[in-house]
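J.: Okay, sequence plus prediction incoming.
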Amino acid sequence: MPEDVQDSFGFKLDRAQIGRRPVGARPFGEGLPAAILKLTADDDGATYRAAYVVAFAGVVYLLHVFQKKSKSGIKTPKVDKARVLQRYQWARQDYAQNKDRYLDIARHRMSSGPEREAP
């Protein structure tokens, strides 16, 4: 994945982690749960997507990042959608098991200093 795409997704996910909605973030759609959001980035004629979820207090789960290679329009390939859904289910389980710890980390992070600025 190109470095510019990594930087773009990294900055936007950082914004999500501090409770801000990244520019361009929108529901993934395509039959996936509404809690799953996506970011897109283009580089040299290729399109990349990052699927993530912020529906759990204090946590951002990055579910999948991939280059969109669909030959049949704008739909996401089934294998990528299945991967996103499976990882979302794992994220839900992980959060249920670790919620208190994650909330403690988030409280500490919010009280420990200023927000990061864009690179």
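T.: Received, thanks. Note that the coordinates shown come from a computational prediction; the quantities given were computed from them, not determined experimentally. Residues are numbered from 1 along each chain as shown.
J.: All the strands of the chain, residue numbers only.
T.: Per DSSP state E, the chain carries strands over the ranges 26-27, 36-43, 46-53, 61-68.
J.: Out of those strands, which one sits most buried?
T.: Highest mean neighbour count of these: strand 46-53, a mean of 21 (counted as mean count of other C-beta atoms under 10 Å). (C-beta placed from N, C-alpha, C; glycine too.)
J.: tell me what it is packed against?
T.: helix 3-17, strand 36-43, strand 61-68, helix 78-111 (3 or more C-beta pairs under 8 Å, 6 or more residues apart in numbering; DSSP states H and E).
J.: Just say which of these is most tucked in.
T.: Using mean count of other C-beta under 10 Å, strand 36-43 ranks as the most buried of these, with a mean of 19.
J.: Strand partners (parallel or antiparallel) of that one?
T.: strand 26-27 (antiparallel), strand 46-53 (antiparallel) (DSSP bridges).
J.: closest to residue 8 out of the strands of the chain?
T.: Closest approach to residue 8 among these (C-beta to C-beta): strand 36-43, 4.8 Å.
J.: and for the closest one, what are the contacting residues?
T.: 2, 4-5, 8-9, 12-13, 22, 24-28, 47-54, 63, 84, 88 (C-beta atoms under 8 Å, 6 or more residues apart in numbering).
J.: Alright, that wraps it up for me.
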